[in-house]
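# for reference, the sequence and a predicted model appear below.
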Amino acid sequence: MREAGDDWLREGLDGTSDRARTLYEGLLGPVLDAIGARPLRVLSAGDVRSALSQLVTRYSTRSLRITRNSLERAIRHAESNDLVGCNVAALVKVPQGSSGRPSKSFTLDQAKALLPASEGARLHAYDANRVQPLAVDEDIGAFRAQHLAVGKVHLPGAAWLSAQRHRCAAGLLVLD
């Protein structure tokens, strides 16, 4: 199996970026280590399932999905060279992995704390717009300090892109 993985990484990734190739190498390596030097013709779905289950504490579900897909593609590459008859990785469901990294987005409490903290600061208008759930960078670039009212933040409907206008029925979006 190791040779099939190495062959796919070397020959089966035409047109793939170096970054993607590095990702596949890094994720495929540990599962190939877990499978060991087992020949492709005797590899079973149980072997693949066992190898993936050994990685659930180290990898997120997304990384496990990429790993299983890489393994499936490596075996498919070997299939195209008549080295194996059945792609056993295609028969295996991706196990649930560990939680991914924490979100980098503001929590509601952080957003509420940001507005009073930036009051009077030059970037207060920008901060107020960034915590708006419908705000996008194209909208924010057009705002000036006069677009905001003191207290509650009022954003004129005319400043929104047409794609957001249907979300703002009254023409004003208010953040309490």
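Thanks, I have the structure now. Residues are numbered from 1 along each chain as shown.
# tell me where this structure has strands.
153-156, 172-175 (DSSP state E).
# if I look at residue 1, how far off is residue 54?
Computed as CB to CB, to the nearest Å, the residue 1 to residue 54 distance reads 15 Å. Any C-beta I mention is one placed from the backbone N, CA and C, and that applies to glycine too.
# just residue 111 next, same as before
According to CB to CB, residue 111 and residue 54 sit 40 Å apart.
# what pLDDT does the residue most central in space within the chain get?
Compute the mean C-alpha point of the chain, and by CA atoms, centre = their mean the closest residue is residue 62, 7.4 Å away. According to the prediction, residue 62 has pLDDT 90.
# which ones are touching the residue nearest to it when sequence neighbours are not counted?
Distances taken as CB to CB, 6 or more residues apart in numbering place residue 100 nearest to residue 62, at 6.6 Å, with adjacent residues excluded. Contact analysis of residue 100 by CB atoms under 8 Å, 6 or more residues apart in numbering lists 60-62.
# ok, residue 8 next?
By CB under 8 Å, 6+ apart, the contact set of residue 8 is 70, 73-74, 77-78.
# in ChimeraX, how would I select just the buried ones from the residues you listed?
ChimeraX command restricting these to the buried ones, with burial defined by 16 or more other CB atoms under 10 Å:
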select :70,73,74,77,78
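# max pairwise distance over the contacts of residue 8: which two?
The most widely separated members of the contacts of residue 8, counting by CB to CB, are 70 and 78 (12.9 Å).
# please look at the residue nearest to the centre of the chain and residue 99 and confirm they touch.
No. Counting by CB atoms under 8 Å, residue 62 stays clear of residue 99, with 10.8 Å between them.
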